[in-house]
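Asks: Structure for this input, please:
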Amino acid sequence: MKKFIFNKIMEYKTKNFFSKLKEFLNFSDNIVIISHQNPDGDAISSSLGLFHFLKKKYENKKINIIVPNNFHHFLKWLKKSNEIIIFSENETYSIELIKKANLIFCLDFNSMLRTGDLENLIISSKAKKVLIDHHPSPEIEQFDLILSKESASSASEVLYNFIEILGEKKLIDKNIAECIFTGISSDTNSFSVNSNSLTHKIVSEILEIGVDKEKVQKNLFHSFSFDKMKLTAYVLSEKMKIFPKYNLGLISLSAEEKEKFNFEVGDSENFANLPMSIKDIEISAFFTNYKDFIKISFRSMGNFNANLFARKYFNGGGHKKASGGKSYKNMEETIEDFLFYIKEFLNN
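Replies: Model (predicted):
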């Protein structure tokens with residue numbers, strides 16, 4: 001089947017894409033929405049926004065959200081977040097839903113690889129698969145329809161475009177608007193990165209629907225546990241290293257340190273951005289232990305392309321200003337490699 005990929009809002013070929021999409025929706029009674037492993041604010045918010053929209057437009061269809069693993073409490077205030085199915089905690093039920101699905105929406109990832117243990121289940125499913133995303137270079141062969149807008153701030157912004165081009169903006173109520181605003185706020189770090197004039201235009205329209213932006217900001221950025229605050233103080237005072245020669249800052253966090261501070265999913269959210277608050281720092285990296293690998297998050301300002309760097313050296317990718325990767329070496333070796341690669345990358 002022909003794929004349709006759109007990178008700029010003016011290049012949408014709505015007739016072909018949306019005729020296929022409507023065909024998929026009309027013949028699908030069981031719909032599953034899936035996002036990536038370690039779901040962040042944009043992943044959860046865009047999934048819930050799509051859920052509310054589809055439930056409002058198609059009242060008689062069965063719609064479920066499945067994520068690979070749990071997500072942080074600072075997102076659990078969103079309406080219906082308690083109905084999200086956590087695959088790692090409900091494997092049998094999740095497998096049953098995916099097998100029954102006629103249509104799977106994939107949000108905020110560009111490759112099935114990013115869905116962790118769900119990857120093979122989704123690929124083997126006979127359901128039609130629709131991608132709504134903003135990451136570069138989607139794995140085209142994995143999806144039946146692709147709505148990918150790299151210039152967008154977030155998958156939540158692309159979801160707004162999706163609803164807009166469907167001609168259904170009238171269906172955007174406070175619940176949907178709140179999800180879109182939360183996703184955009186989260187992925188732009190409260191509009192400090194990855195936002196443009198179109199993002200702010202959409203946010204302006206969303207706020208007019210009645211979103212309480214103070215409530216969203218409070219829940220996203222000012223509702224941390226005491227342990228999380230102590231962990232933040234610890235990484236700032238003990239774990240952050242600065243390399244002025246490269247305008248670089250990095251933070252690392254071991255499994256033992258996470259245990260010491262009663263680490264919960266999402267507690268290290270934004271740690272990759274912390275060094276960027278220091279004058280003249282334009283590149284930052286955050287390294288943290290997972291079971292079988294070191295997860296690395298990269299952030300940048302100026303001309304450093306975090307996406308290219310992650311792709312070239314750490315089997316990753318993302319955006320120019322924010323990307324991620326993995327290393328299967330230990331923490332010390334990973335950081336040594338990183339510093340060597342930074343020097344090589346900058347010199348070239």
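Asks: what's the spacing between residue 246 and residue 341?
Replies: To residue 341, residue 246 is 11 Å away according to C-beta to C-beta, to the nearest Å. C-beta here means a position set from N, CA and C on the backbone, and glycine is covered the same way.
Asks: Kindly report the same for residue 100.
Replies: Counting by C-beta to C-beta, the gap from residue 100 to residue 341 is 45 Å.
Asks: pretty sure residue 255 is touching residue 289, no?
Replies: Yes. Residue 255 is within contact range of residue 289, at 4.1 Å (criterion: C-beta atoms under 8 Å).
Asks: So between these two, which is more surrounded?
Replies: A direct count of neighbours by other C-beta atoms under 10 Å for residue 255 and residue 289 places residue 289 higher, at 18 against 13.
Asks: dump the residue contacts of the more buried one.
Replies: 253, 254, 255, 258, 295, 331 (C-beta atoms under 8 Å, 6 or more residues apart in numbering).
Asks: Out of those, who's the most crowded?
Replies: residue 253 (22 neighbours).
Asks: How about the contacts made by the nearest residue in space to it that is not next to it in sequence?
Replies: The shortest distance from residue 253 to any non-neighbouring residue, by C-beta to C-beta, 6 or more residues apart in numbering, is to residue 288 (4.5 Å). By C-beta under 8 Å, 6+ apart, the contact set of residue 288 is 252, 253, 254, 258, 268, 271, 294, 295.
Asks: export these to JSON lines and tack on distance to residue 144?
Replies: As requested, those are exported to JSON lines (distance: C-beta to C-beta, whole Å):
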{"residue": "252", "distance to residue 144": "41"}
{"residue": "253", "distance to residue 144": "39"}
{"residue": "254", "distance to residue 144": "42"}
{"residue": "258", "distance to residue 144": "39"}
{"residue": "268", "distance to residue 144": "35"}
{"residue": "271", "distance to residue 144": "37"}
{"residue": "294", "distance to residue 144": "34"}
{"residue": "295", "distance to residue 144": "30"}
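Asks: Restricted to helices, list those.
Replies: Using DSSP state H to define helices, the subset of these located there is residue 258.
Asks: okay if I get the contacts of residue 288 as CSV plus pLDDT and distance to residue 202?
Replies: Formatted as CSV, these follow (pLDDT from 0 to 100; distance: C-beta to C-beta, whole Å):
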residue, pLDDT, distance to residue 202
252, 98, 36
253, 98, 34
254, 96, 40
258, 96, 36
268, 94, 29
271, 96, 28
294, 97, 36
295, 95, 30
